[in-house]
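Enquirer: With the sequence up front, the predicted model follows.
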Amino acid sequence: MHVMTGLELFEKDWPGSLEGARVGLLVHPASVDRRFQHAVELFVKSKRFELKALFGPQHGARGETQDNMVEWEGYRDGRTGLPVYSLYSSTRKPVPEMLAGIDALVIDLQDVGARYYTYIWTMELCMEACRELGKSVVILDRPNPIGGTLTEGPVLESACASFVGLRPLPVRHGMTIGEVGGYLKEGFHPTLDLHVIAMKGWRRRMWFDATGLPWVMPSPNMPTLDTATVYPGTCLLEGTNLSEGRGTTRPFEIFGAPFIDPERLVRRLEEFRLPGVVFRPLHFQPTFHKHAGRLCGGAQIHLTSREGFRPFKTGVAILKAVHDLYPDDFLWRRPPYEYETEKTPIDILAGTVRLREDIERGESLEWMEGWWEEECRRFDDDVRRRFLLY
């Protein structure tokens, strides 16, 4: 089945109230249609509005910043002559000067379905700025690449809010970016003039490789659908001194540290009997980021059933295993992290202090899974289902 994204439908479904509007466009390299035409190229040609400015999120409008937490500065686009504003620099929220010459901001970003992935929070800060200034927002919807049925992990507590989670959502949220936008509008920006150009042909159980759409890396360390599948779990390693595989050819699928014995770690992980996954012991040497140039022991995640696989549970199992096996070597990372200078990184990633404290107390994996599953159920029943478009 072929899925048509909001980008492929914007000419037909453009809001009548915004006919002839001056628009800004928030994009990155994955903002393409099935023929690899980029949104900027398509918007320049459109007669339904006038493109006046471009915006880019973390990693840049052109995807130029490879490593994590690397700011980039705005510039003038060589092809169109338009200003390109950075929303990952001194500001993550558009300042009034950036929005002064536009009536509406269009957002076309490929999300990966995990609360920590910062694009949905760039979107929210854009929604907030547009609400304050009386501008409209148009979201061009795209698939959740890891499907729209499963949710997993704690629901963010407000005390742990940060740029890797500004509002209550489970870690694996099971929503499209347009659905998240609807939730954010109703709950936090009710006076915003929001339009979502929905997809056609997408079904909630679809993984990205069933959509007929090309996979373009939404960020430099998200090379494949397998990466996106494991990311809701292994991104937790960013909150520790373990390498999450940045600087290797399989980021987030490879993990470890110089002090780890691979076989010993894998034996411990196998005791958890995690579904849908096999751990293969390995050594690796990151070329950048944590432990760059040092030999690390660890494992690679090999998926055997992505439907059965539980990424967050797997990520927590890895943390628990290394914490218990290497208590003198394992460390929680200290701030700063993603513009947060006081809260502990693992707490803002998990969205709660409870996960870290449970691991430190030696609570079982099943015990921890029990409370976050209950949080997911309540969020699904009370909140999420009201905003599903498909």
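Expert: Ah, there it is.
Enquirer: Which residue ranges of this structure form helices?
Expert: 6-13, 39-45, 96-99, 119-133, 177-188, 225-234, 262-270, 311-325, 345-350, 354-361, 365-382 (DSSP state H).
Enquirer: Average pLDDT for the last one, rounded please.
Expert: The average pLDDT for helix 365-382 rounds to 98.
Enquirer: just checking, what packs against that helix?
Expert: strand 152-155, strand 170-172, helix 311-325, helix 354-361 (3 or more C-beta pairs under 8 Å, 6 or more residues apart in numbering; DSSP states H and E). No exception for glycine: its C-beta is placed from N, CA and C like everyone else's.
Enquirer: angle of the third one against helix 354-361?
Expert: Taking axes from the mean of the first three to the mean of the last three C-alpha atoms, to 10 degrees, helix 311-325 and helix 354-361 form an angle of 30 degrees between their directions.
Enquirer: Tell me the buried residues in helix 311-325?
Expert: When neighbours are counted by 16 or more other C-beta atoms under 10 Å, the buried residues of helix 311-325 are found to be 311-323, 325.
Enquirer: Not counting stretch 222-230 itself, show me its contacts.
Expert: Contacts to stretch 222-230, defined as C-beta atoms under 8 Å, 6 or more residues apart in numbering, come from residues 112-114, 145-146, 207-209, 215, 217, 221, 231, 249-253, 301, 303, 306, 309, 311, 314.
Enquirer: do you know how far the nearest residue to residue 339 once chain neighbours are set aside is from residue 120?
Expert: Counting by C-beta to C-beta, 6 or more residues apart in numbering, residue 339 lies nearest to residue 163, which is 5.1 Å off, once chain neighbours are set aside. Here the criterion is C-beta to C-beta, to the nearest Å. By it, residue 163 lies 11 Å from residue 120.
Enquirer: Does residue 156 touch residue 349 like I think?
Expert: No - using C-beta atoms under 8 Å, residue 156 is not in contact with residue 349, being 10.0 Å away.
Enquirer: So which of these two has more stuff around it?
Expert: More neighbours surround residue 349 than the other of residue 156 and residue 349, with 30 against 25 (other C-beta atoms under 10 Å).
Enquirer: quick one: pLDDT of the spatially closest residue to that one that is not a sequence neighbour?
Expert: Excluding its sequence neighbours, the residue lying closest to residue 349 (C-beta to C-beta, 6+ apart) is residue 239, at 4.9 Å. On pLDDT, residue 239 comes in at 98.
Enquirer: Tell me how many other residues crowd residue 239.
Expert: If you count neighbours by other C-beta under 10 Å, residue 239 ends up with 24.
Enquirer: tell me the contacts of it?
Expert: Per C-beta under 8 Å, 6+ apart, neighbours of residue 239: 332-333, 337, 344-350.
Enquirer: Now with 7 Å, please.
Expert: Neighbour list for residue 239: 332-333, 345-346, 349 [criterion: C-beta atoms under 7 Å, 6 or more residues apart in numbering].
Enquirer: which of those residues has the most neighbours?
Expert: When these are compared by neighbour count (other C-beta under 10 Å), residue 349 ends up highest, at 30 neighbours.
Enquirer: correct me, but it touches residue 162?
Expert: No - counting by C-beta atoms under 7 Å, residue 349 stays clear of residue 162, with 8.7 Å between them.
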